[in-house]
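Chemist: What follows is a predicted structure for the sequence shown.
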2 protein chains.
Amino acid sequence: MVKEGTTVLPYPVTEGQEALPILKNMLNFKRGANFDDLGEENGLTDPAEWVSTFHTLKEKIQHRIESNDKFFSLEFFPPRTKGGAVNLLARLERFREADPLFCDITWHPAGNPGGDTETSSMTIAGASCNYAGLETMLHMTCCSMTKAEITRHLQRAKQLGIRNILALRGDPPSGKDDWVPPEDGFNYATDLVKHIRKEFGNHFVICVAGYPTGHPDALSYEEDLIHLKEKVDAGADFIITQLFFTAETFIKFYEDCRKAGITCPILPGIMPIQSYDSLRHIVKLSKLDVPQDIIDVVSPLKDNDEAIRNYGIHQATTLIKALFDADVAPGIHFYTLNREVSTTAILKQLGLWASKPHRPLPWKMAANHKRTGEDVRPIFWSSRPKAYVYRTQHWDEFPNGRWGSSESPAFGELKDYYLFYLKSTSTKDILLKMWGETLESEQDVFGIFEAYVTGEENKGGIKVTKMPWNDEELSLETSLLKTKLSLYNKRGILTINSQPNVNGANSEDPVVGWGMPGGYVYQKAYLEFFSCKENIEALKNILPLFPRVNYQIVNKRGSENYTNHHRHRPMAVTWGAFPGTEIIQPTVVDPVSFNVWKDEAFALWTEQWGKLYPEGSPSCDIISNLSETYYLVNLVDNNYPEDSCLWDVLEAMFAWRKLQETSQEEVLNDVLQSKEAQELCN
Amino acid sequence: MVKEGTTVLPYPVTEGQEALPILKNMLNFKRGANFDDLGEENGLTDPAEWVSTFHTLKEKIQHRIESNDKFFSLEFFPPRTKGGAVNLLARLERFREADPLFCDITWHPAGNPGGDTETSSMTIAGASCNYAGLETMLHMTCCSMTKAEITRHLQRAKQLGIRNILALRGDPPSGKDDWVPPEDGFNYATDLVKHIRKEFGNHFVICVAGYPTGHPDALSYEEDLIHLKEKVDAGADFIITQLFFTAETFIKFYEDCRKAGITCPILPGIMPIQSYDSLRHIVKLSKLDVPQDIIDVVSPLKDNDEAIRNYGIHQATTLIKALFDADVAPGIHFYTLNREVSTTAILKQLGLWASKPHRPLPWKMAANHKRTGEDVRPIFWSSRPKAYVYRTQHWDEFPNGRWGSSESPAFGELKDYYLFYLKSTSTKDILLKMWGETLESEQDVFGIFEAYVTGEENKGGIKVTKMPWNDEELSLETSLLKTKLSLYNKRGILTINSQPNVNGANSEDPVVGWGMPGGYVYQKAYLEFFSCKENIEALKNILPLFPRVNYQIVNKRGSENYTNHHRHRPMAVTWGAFPGTEIIQPTVVDPVSFNVWKDEAFALWTEQWGKLYPEGSPSCDIISNLSETYYLVNLVDNNYPEDSCLWDVLEAMFAWRKLQETSQEEVLNDVLQSKEAQELCN
């Protein structure tokens, strides 16, 4: 007999038996599955855990070490210009797809690092956390700051949702060669670590720097190790190293750390060599020696950036592989120098670039720990998640499990459409080319919408890759509706948001899937568009023909507001059923939020589009007139298991309008011939 | 052009056009559909409203009047014996299926009406509200009670969840002919109404009695109308009349009331004539005159109860139809005299008996206003909803929308399995016949489970219509699994709860449907059973073969407790998607509640079954031993769109067990031939 709690098989295995799948299964089933007491969380992964439990970076690193799942992190410095800030944020968002464990923003003493300008370290770190959705670490140095100033900066970081600090002494202010202790400040990173722990307890995960060849100011490598031990003992959670060039350098350092009693994770910092000049610059700053074999390769290529970059990719990849092979690194920290190409290439070669981006929820989550557990949003902002995060940044609680009554949420005002994290990454010039240098009629506007939806060129031969309501290319999901959408945009149904109906698709479906594997996801067909008064009049007349449709129709001022939605109760339009959990319903439609959204949606016409043209110009007037006279409409088809009837609604609307405008005979013929009409009649 | 807001059709309609369905549709669509401001709640009905909003009886009546939807209510008196109380509660539950608007429990001065005995008015009204799930009204009289006593009774009623009081002066105590004003009490119903309003504000809906032929103690019909007006002016919300025999009587009364300025709803009270004696008794009590034509029919039938009853059904049906035709009655109040047959027949003849019982949720809701909004329960109590209500009666809040963390709910102890509202309506004798006068082996027990599941007779030729874990016949839904269940019960898988998987069935499906029309409902397959240690050992070994299954296995003491459920997170096993709302998930499985339930489930073996036998008898020992050594198991198959694999789990379990017990060769043959195994291997 089998003893309780063991999985010893009671019979010998021979080749013949392996032919029997059921027995084979019995042999092969996971031995790891435990039958432990309640409380042991074995078996199925918990999907809702992903969104509803906050894990510190320290815990995340520990988890990746335990599961031997190599990770990477990315270091950036604050850009000098507003345009640079916009671009950096876009870069962070692209990197997000690769699933970095965290990103790290340097403290830039020259740029008012703790200030509120677009280019400050603080602002960039906050935007990375809240708007790019990345777990973010902010550097903090002891340079030229009093204790009180440091505390204030840390408080601001805390307020922004940042939970990780890289505590450094910092380099002497530029122009000066030697470190000068600041008045009322700290002289060593160790003091800074102690200060953070004293003032903020465990709020922050604290990282410190390690120097594989010793800190340039240290008396010796050995003395530097003692300082590192002090920093860790003072409360640091993990170490990132200064850059280095050979695996041996790090391996020795790693082993010396362990011998010295430093037990925390040590993350090697790798700088891909990207150009001769940047290499020279960095090396000078960090007072490092470049190995002769690297100098031998790089020097002759001095003026061939591409060749050097390719060499750098190869060199870093080889170096990282050696570290992984030696089993000394749980992950890699990249000194990106704010560039993308090399790091991306290395990550892809190493297989660390997440090939299949995982969507825990259908919308992009923010990394701010205050939003932990947020798992429901109105659909309206699905193409403007940053605006949504901005407008809800002051909420104390975020909806979790259900949207709840629509009465409570108070959205912040969105007055400044030029906040850098909401700004288009395209220049005015490019936008004009996409949206029309001059507009002659509303038809021209229709054409831009159509071009965006189809991905084809506009009248001027330019592809329209973004719209005021959507700063990105059309989502894969919307592409499913491309043909239909283009048809109606051409006719003045100016769509700004839509989703197809989905009836129990696999949660791993590459287009509509989200959430944990093994689940099923659902959507109600959704369509949101602007259209003219005549269309709206017709729509109001035919909507009662479609009892399965929920609708809301508003004008710019909100003086007209028609709906059959429940006043305060939201409806789910996206939900999923997963193993072992409650139903998750991350996207809702509700009339109160829609009234908030419509102000933003109407304003985007003029703020983002109309303002491209001189005031009083015909183009400007067309946009302005349209925003004044058009209505914003949302339609939900409740009958998700069947083909969406929303196209039929639009056809019926046009048919009704035609009824008003043409002779009866013509209409009858048209209606008879209309495929949609015939389907409707079946 | 069509003017805004109107639906005038712009063309004349001829016969030819009617042939065009789309135009016909356009002509026929509901003119009533409004395009009003946001606040107007037009269009789709809101399903979640049914459970999440509390409506007073006054509002319900008003709503039925406005929608011209006739209703009925039922009056009962408290029974004299405990057995009578058990039976009355069962009767109330049967009537519940017909969807009465409320039921009404008389104040029985002789029976300690405000006390806590099983037969008190208070207890019966509380059980009706909480355990039968009926909107309940309690009579309250002025007889022989001080103000303080009355207040105390009203407080107790409030505590029990009762929101409706029928305020009466009451009849003189039996034995006395004349009304004697009580000391420190009230002399008139009007005073009682005022007192209730003063002390309890609008907590109670107050009903008063109307006398279509005048109160016997009143000086005149006219003077009685004045008293009625006073009662209404004092704060009564509606009127129920004393019984009467002709439509004219009520119509005159109704019109006189309206003339007198009484504007509240007036509900005619109808007593179906059920026997000669009861008619004579009631008429004597209420000092009414019976019309000669009724006497002429009934007198000769004096000794033929059935004939009188049939006449009574006819007479009442005719009378009610006349009232409905005259448009004077929004509904009917039945003096049932605690009997079922006549009232049921009349309701069916009138079409008032809800033919298709509507299930707002898959389990029976309680009518207690404190439970308004409760829309999630653990599946474990689905066959014992009264025990669940009892054990959660002290909760301040009920789960609404989601079960939430399992950490919080504190279930009340269930020590007394003999509470009358939890008690089986069957006598010990009948139970013994069903569950076996003597048991000789565990196999005998298996046979009882099998007989219950199949609906066939047990060894003794008796049908088993209830089990300790289920006081009703097998639900329609469980019947879907009958064949499989009987197969496994025979083999010692003693099932006590189960549901089939459902993948998007219409919410109006007669078996598995619930919630508002136009929705889709879902279920994960669920199986809960007791089984022996040997089966459990095998089960633990094969469960890892079925990663799509969540399980929990406990023994009586809870010293063994195996699960792969998340520790604190419940999973939905029944949910529905409906037009215009969030997803509703009314049934969950969670490991914490299961641990509470298992104490009850294990105790039911001995409390309900074992105790039928003499202590120490072999039959008693078999049940007792089984409850000590068996395990309780729940299994959920997460993959609801596919056929349930729970039967495969059981087959694999038996196959594994056989592996331990028989030679290898035999097993291989068996396994190869097993259909389940072959399916598993595909």
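Modeler: That came in fine, so what should we check first? Because the structure is a prediction, the values reported are computed rather than measured. Numbers count the residues shown, from 1 in each chain, chains lettered A, B, ... in the order given.

Chemist: Spell out which residues make up each domain of chain A.
Modeler: The record's domain parsing of chain A by automatic domain parsing lists A:19-33+A:400-664, A:61-350.

Chemist: Throw those domains into TSV and include distance to chain B, thanks.
Modeler: C-beta coordinates here come from the backbone N, C-alpha and C atoms, glycine included. Shown next, in TSV, are the domains of chain A (distance: least, Cβ to the nearest Cβ, whole Å):
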stretch	distance to chain B
domain A:19-33+A:400-664	3
domain A:61-350	17
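
Chemist: Would you format the ones you listed as JSON lines with distance to B:Phe380, mean neighbour count and mean pLDDT included?
Modeler: Supplementary listing: the domains of chain A in JSON lines, determined by distance: least, Cβ to Cβ, whole Å; neighbours: other Cβ atoms under 10 Å in any protein chain shown; pLDDT from 0 to 100:
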{"stretch": "domain A:19-33+A:400-664", "distance to B:Phe380": "16", "mean neighbour count": "19", "mean pLDDT": "88"}
{"stretch": "domain A:61-350", "distance to B:Phe380": "34", "mean neighbour count": "18", "mean pLDDT": "93"}
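
Chemist: Specify the stretch among the ones you listed that is closest to B:Gly519.
Modeler: Closest approach to B:Gly519 among these (Cβ to Cβ): domain A:19-33+A:400-664, 8.3 Å.

Chemist: what sits up against stretch A:386-395?
Modeler: A:130-131, A:366, A:371, A:377-378, A:381, A:398, A:409-414, A:419, A:421-422, A:596, A:600 (Cβ atoms under 8 Å, 6 or more residues apart in numbering or on different chains).

Chemist: so how far is the first residue of it from its last?
Modeler: 15 Å (Cα to Cα, to the nearest Å).

Chemist: Quick check: buried residues in that stretch?
Modeler: A:Lys386, A:Ala387, A:Tyr388, A:Val389, A:Tyr390, A:Arg391, A:Thr392, A:Gln393, A:Trp395 (16 or more other Cβ atoms under 10 Å in any protein chain shown).

Chemist: mind listing the strands for the stretch 201-350 of chain A?
Modeler: Using DSSP state E, counting those that start in this stretch, the strands of the stretch 201-350 of chain A run over A:205-210, A:238-243, A:266-270, A:331-335.

Chemist: show me the contacts for the nearest residue to A:Phe602 once chain neighbours are set aside.
Modeler: Excluding the flanking residues, the one nearest A:Phe602 by Cβ to Cβ, 6 or more residues apart in numbering or on different chains is A:Lys556, at 4.5 Å. Applying Cβ under 8 Å, 6+ apart to A:Lys556 gives the contacts A:Lys598, A:Phe602, A:Ser627, A:Glu628, A:Tyr630.

Chemist: got it, and A:Gly401?
Modeler: Applying Cβ under 8 Å, 6+ apart, we find A:Gly401 in contact with A:Asp375, A:Val376, A:Glu582, A:Ile584, B:Gly401, B:Arg402, B:Gly404.

Chemist: circling back: just the ones of the contacts of stretch A:386-395 in helices?
Modeler: A:Asn130, A:Val596, A:Glu600 (DSSP state H).
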